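Undergrad: Got a sequence here, can you model it:
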Amino acid sequence: MSQYNEYVATGAVTQFAYKFPAFELSDLAVSVDGVPQSSGFAVYGLGGGNGGVVEFATAPANGAVIRIARAKVPPQVAYLVKDENLADVADVAEARINLGLGSAAVMNVGTTAGNLVQLDSSARLPAVDGSQLTNVPFGRLKVSSADAQADFLEAKLVAGSNITLTKESSDGVETLRVASHMEQAIVDGLEQVEVNQALGEIRDLRSGAKAPVLLAGGIVDAFSDQTGSGNTGGTYSAAGHCYSTSNGIYGADITPVMTSDTAPSGYVAICDSYMASYNPYRAFNGVLGLSNCWQNINCSYPCWIGMQFPAQKRVSRYGFAQSNGGADYRSTQWVFEGSNDGAAWTILHSYNGASFGSQVMHYHNIAYPGFYDRYRLRLLAGNGISLVVDEVEMFEDDAALDMTLVSVASTALASPSFARVVLLHEPIVAVTLNSDLFLDISRDNGTTWSIADLVNQGSAGNGLNIVSALVDLSSQPAGTAMKWRLRTQNQKLQRFHGVALTWR
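TA: This next block holds a predicted model:
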């Protein structure tokens, strides 16, 4: 049995599981980056044999190493000596507790021993049937050494059942008497650990732009390329490393034909400064030419021009044309930014390279757009000391398509009974899980599917959500060819940045 558990913090998670018995607080040694911690956390699960959860008041910093170790050898609850304990009246009660027999009034071993267990017809020991046991709260229970029983036993523990587990190994026999009730906080904490581990795998792949990775009991695909899945109805973005329900077609320019800096009503052409007769609206009047352009008052870098909309827009593509006044008037380095207050600006796209020809619109796609009510083109450097912008255009995604995305098969070592799926999801508009977005799991290479009950686990930052589910596969035909299938409905704009699938 492991004497410690170690995790790498994400900066958002406060709960970390310990998977060994602890009977009192002094049994645990909690450290962060090797520094022992004596306060700032609470411990759940003490007194039971199934472990528990350490919950920090404040989430440890991203990258911090959390170590939860056993501080001392767990005490022996009691012992039995042949011809002594059972014969000693003073020890009868303790002996019954050790054996899990309850009180004499509940179960008399001498009169009901013949009904303790019932074997199946093949007499295979892993299939011990407890249906004949009296006064047992969970009825007919078959105990198996298979990992698939773990979730079933967990459910029984949550319901308040008493279970004694025995493990035989090369080190001897370990007996663990599980408490009569597992706190829901512990169950939630263990689930969160699984989700966080899967999320960490996705982030690792995304940071390194790596292809799908097959784990010992799962597969992780951060969509760095298209090798791990097949897509129908959506589009793949190599720049954004994601799949999208966008049809990849942009509509008309959303900037209106401006007749002044504030007309039409609700729209405002904005800039840092301008020369007389070169107002910012001239870059949005739909006319190319040196007399219909914007030029800042100093004719020097840096400078910017943009548009304020009457409501938030999600610009995912922009373009602009530069003057025909010669190369000295053309920029070679710029950023495109969005803001909702005019003070804090977010860089959405950047360029540093050769200048483009005069009076020709050049377009650029934005890998990670957002919702802003004003956008600007900030020019940083160019071929000369002067610059002119003829026209600026901005575009939103057009209507969405319904998409189906299916993974390639990954082979499990044995036929799994349960699967955990974690999805990095970016809803562009309001998306209802299990109505606009579905995820299915198969263990027979896609012949049979079990639908997941998706749950939003919270934000992963940058507009991304962590979506997960635990899926019961026991109703499917036995198989080891594991697949996931993602489906969207109701034509909602959304993006998908990675999937982790584990099984047991």
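Undergrad: Would you map out the domains in this protein?
TA: Structural domains of the chain, as assigned by automatic domain parsing, span the residue ranges 4-75, 107-178, 193-246+401-503, 268-396.
Undergrad: Ok, which of the ones you listed comes nearest Thr262?
TA: Thr262 lies closest to domain 268-396 among those, at 5.5 Å (C-beta to C-beta). Any C-beta I mention is one placed from the backbone N, CA and C, and that applies to glycine too.
Undergrad: Low-confidence ranges, the stretch 301-450 of the chain, go.
TA: Across the stretch 301-450 of the chain, the ranges flagged by pLDDT under 70 are 324-325, 385-386, 398.
Undergrad: Sketch out the strands for it, chain order is fine.
TA: 303-313, 315-322, 331-339, 346-352, 362-365, 372-382, 389-396, 404-407, 410-411, 418-427, 437-442, 450-451 (DSSP state E, counting those that start in this stretch).
Undergrad: Same list (those) but as TSV, adding mean neighbour count and distance to Asp261.
TA: Output for the strands of the stretch 301-450 of the chain, formatted as TSV (neighbours: other C-beta atoms under 10 Å; distance: least, C-beta to C-beta, whole Å):
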stretch	mean neighbour count	distance to Asp261
strand 303-313	19	10
strand 315-322	21	18
strand 331-339	20	18
strand 346-352	15	23
strand 362-365	13	25
strand 372-382	20	14
strand 389-396	23	14
strand 404-407	18	45
strand 410-411	15	58
strand 418-427	23	35
strand 437-442	22	43
strand 450-451	15	54
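Undergrad: Adding distance to Arg504, write those out as CSV.
TA: Output for the strands of the stretch 301-450 of the chain, formatted as CSV (distance: least, C-beta to C-beta, whole Å):
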stretch, distance to Arg504
strand 303-313, 44
strand 315-322, 40
strand 331-339, 44
strand 346-352, 41
strand 362-365, 41
strand 372-382, 44
strand 389-396, 44
strand 404-407, 18
strand 410-411, 14
strand 418-427, 6
strand 437-442, 13
strand 450-451, 15
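Undergrad: of these, which approaches Ser474 most closely?
TA: It is, among the strands of the stretch 301-450 of the chain and with distance given as C-beta to C-beta, strand 418-427, at 8.0 Å.
Undergrad: Pull up the pairing partners for that closest one, direction included.
TA: According to DSSP bridges, the neighbouring strands of strand 418-427, each with its direction, are strand 464-472 (antiparallel), strand 494-503 (antiparallel).
Undergrad: can you list those strands in CSV and add distance to Asp328?
TA: Formatted as CSV, the strands paired with strand 418-427 follow (distance: least, C-beta to C-beta, whole Å):
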stretch, distance to Asp328
strand 464-472, 43
strand 494-503, 41
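Undergrad: re the thing from before, among the domains of the chain, which is nearest Ala252?
TA: Counting by C-beta to C-beta, Ala252 lies closest to domain 268-396 out of the domains of the chain; the figure is 7.7 Å.
Undergrad: now the end-to-end length of the closest one.
TA: 18 Å (C-alpha to C-alpha, to the nearest Å).
Undergrad: Give me the distance from that domain to the chain's centre.
TA: The gap between where domain 268-396 is centred and where its chain is centred comes out at 36 Å by C-alpha atoms, centre = their mean, to the nearest Å.
Undergrad: go on, stretch 465-479?
TA: How far stretch 465-479 lies from its chain's middle: 16 Å, per C-alpha atoms, centre = their mean.
Undergrad: Give me whichever of the strands paired with strand 418-427 is most buried.
TA: Scoring the strands paired with strand 418-427 by mean neighbour count under mean count of other C-beta atoms under 10 Å gives strand 494-503 as the most buried, with a mean of 25.
Undergrad: still on that earlier bit, which stretch among the strands of the stretch 301-450 of the chain comes nearest Ala22?
TA: Proximity to Ala22, assessed across the strands of the stretch 301-450 of the chain by C-beta to C-beta, is greatest for strand 418-427 (25.6 Å).
Undergrad: count of residues packed around Gly11?
TA: Under the neighbour criterion other C-beta atoms under 10 Å, Gly11 is assigned a count of 11.
Undergrad: repeat for the one 10 residues further on
TA: A total of 22 residues lie near Pro21 under the criterion other C-beta under 10 Å.
Undergrad: Check the gap between it and Arg70 for me.
TA: The gap separating Pro21 from Arg70 is 8 Å, by C-beta to C-beta, to the nearest Å.
Undergrad: a markdown table for the strands paired with strand 418-427, including mean pLDDT and distance to Tyr250?
TA: A markdown table is the format used below for those (pLDDT from 0 to 100; distance: least, C-beta to C-beta, whole Å):
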| stretch | mean pLDDT | distance to Tyr250 |
| --- | --- | --- |
| strand 464-472 | 92 | 23 |
| strand 494-503 | 90 | 16 |
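Undergrad: out of those, nearest to Lys313?
TA: Comparison of the strands paired with strand 418-427 against Lys313 by C-beta to C-beta identifies strand 494-503 as nearest, at 17.4 Å.
Undergrad: coming back round to it: any idea which of the strands of the stretch 301-450 of the chain gets closest to Gly230?
TA: Closest to Gly230 of the strands of the stretch 301-450 of the chain is strand 404-407 (C-beta to C-beta; 5.3 Å).
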